[in-house]
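In: Just a sequence and a predicted model for now, questions to come.
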Amino acid sequence: MNEPALTSIVTGGGRGIGRAIALRLAEEAAVIVVGRTESDLQSVCQEIRRRGGLAEACAGDVANPATAERAVGLARELGWAVRHLICNAGIGKSGPTESFEQELWRKILEVNLQGSFYFIQSCLPVMLEARQGVICLISSISGLKGYAYTAAYTASKHALVGLARSLAQEYGKRGIVVVPVCPGYVESEMTRRTIRGVMKRRGISEAEAAELIARVNPQRRIIPAEEVAEMVAFVCSGKVPSLSGNPLILSGGE
């Protein structure tokens, strides 16, 4: 009887950091790629298959708990064993807190925090039955320190770090490792939007704005998404389970 394929579920896996993570983890396990845009998901899956890996797409909004249930159900239907959950899906928007739209605040928390909770709750029973599993929450350097004009995003990312620490305490004795990964500015659409925002506020060129963002990193660069993917792959390897609950910072020394 064939052993079930070990499986990683990656949310926000259609582009940016999530895409890089999905491609990297597919070298070691089957991947279920979750996101809102079907065409992006299929592009990632096709690339994984072209490289000889296993991948399936699950389109949906992570803020809807049904999406998590469908992703885990898809793994079950395929006979795949979920061992890694990477909660990467996230949105952000900056602006002064006194005029920040309440609906946007709610949406950021729903996607970044509640979406992660829904996937964790759906995956935990499978992991607990196997007495093994890795949950990797993609937080941010904003999960460890505050930044002006990003109250909603910063609050959601701090919450992910706290969630990871609590889960590590709750489930460590049952074989579950939970690690929050906290990168600085990463090459992504979100960082490009930040650059555009800096251009608008300061009246400077794109190159000048990008340089200002890069200078936040002591190495004077914006971090490639592939570096985050490598860190996630290391966490999922299970080689150092004592990392559980400890934020892993990728910021070049910030």
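Out: Looks like it came in fine.
In: which intervals of the stretch 1-150 of the chain have sub-threshold pLDDT?
Out: 1-2 (pLDDT under 70).
In: Show the contacting residues for the spatially most central residue of the chain.
Out: Ranked by distance to the mean C-alpha position of the chain (C-alpha atoms, centre = their mean), the top residue is residue 88 at 1.5 Å. Taking C-beta atoms under 8 Å, 6 or more residues apart in numbering, we find residue 88 in contact with 10, 11, 12, 13, 17, 18, 21, 138. C-beta here means a position set from N, CA and C on the backbone, and glycine is covered the same way.
In: Can you point out the buried residues in the helix or strand hosting residue 71?
Out: Secondary structure from DSSP states H and E places residue 71 in helix 65-78. Under the neighbour-count criterion of 16 or more other C-beta atoms under 10 Å, helix 65-78 has 65, 67, 68, 70, 71, 72, 74, 75 buried.
In: on contacts alone, who are the packing partners of that helix?
Out: strand 6-11, strand 30-35, strand 55-59, strand 81-87, helix 115-130 (3 or more C-beta pairs under 8 Å, 6 or more residues apart in numbering; DSSP states H and E).
In: Could you export those to a markdown table, including columns for mean neighbour count and distance to residue 157?
Out: Shown next, in a markdown table, are those (neighbours: other C-beta atoms under 10 Å; distance: least, C-beta to C-beta, whole Å):
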| stretch | mean neighbour count | distance to residue 157 |
| --- | --- | --- |
| strand 6-11 | 28 | 15 |
| strand 30-35 | 28 | 19 |
| strand 55-59 | 22 | 24 |
| strand 81-87 | 27 | 12 |
| helix 115-130 | 19 | 11 |
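In: Okay, buried residues for the longest helix seen in the chain please.
Out: Counting residues, the longest helix in the chain under DSSP state H turns out to be helix 151-171. By neighbour count with 16+ other C-beta under 10 Å, helix 151-171 contains the buried residues 151-161, 163-165, 167-168, 171.
In: now stretch 213-233
Out: 213, 214, 217, 222, 223, 225, 227, 228, 229, 231, 232, 233.
In: residue contacts, the closest residue to residue 202 other than its chain neighbours?
Out: Distances taken as C-beta to C-beta, 6 or more residues apart in numbering put residue 209 closest to residue 202, at 7.1 Å, once the chain neighbours are dropped. Going by C-beta under 8 Å, 6+ apart, residue 209 touches 195, 196, 198, 199, 202.
In: ok, now with 10 Å
Out: The contact partners of residue 209, by C-beta atoms under 10 Å, 6 or more residues apart in numbering, come to 192, 194, 195, 196, 197, 198, 199, 200, 201, 202.
In: Okay, it and residue 94: tell me how far apart.
Out: Using C-beta to C-beta, to the nearest Å, we find residue 209 at a distance of 13 Å from residue 94.
In: Residue 211: what secondary structure?
Out: The local conformation at residue 211, judged by DSSP: H, G, I helix; E, B strand; the rest coil, is helix.
In: from memory it sits against residue 204, does it?
Out: Yes: contact criterion C-beta atoms under 10 Å: residue 211 and residue 204 qualify, at 9.2 Å.
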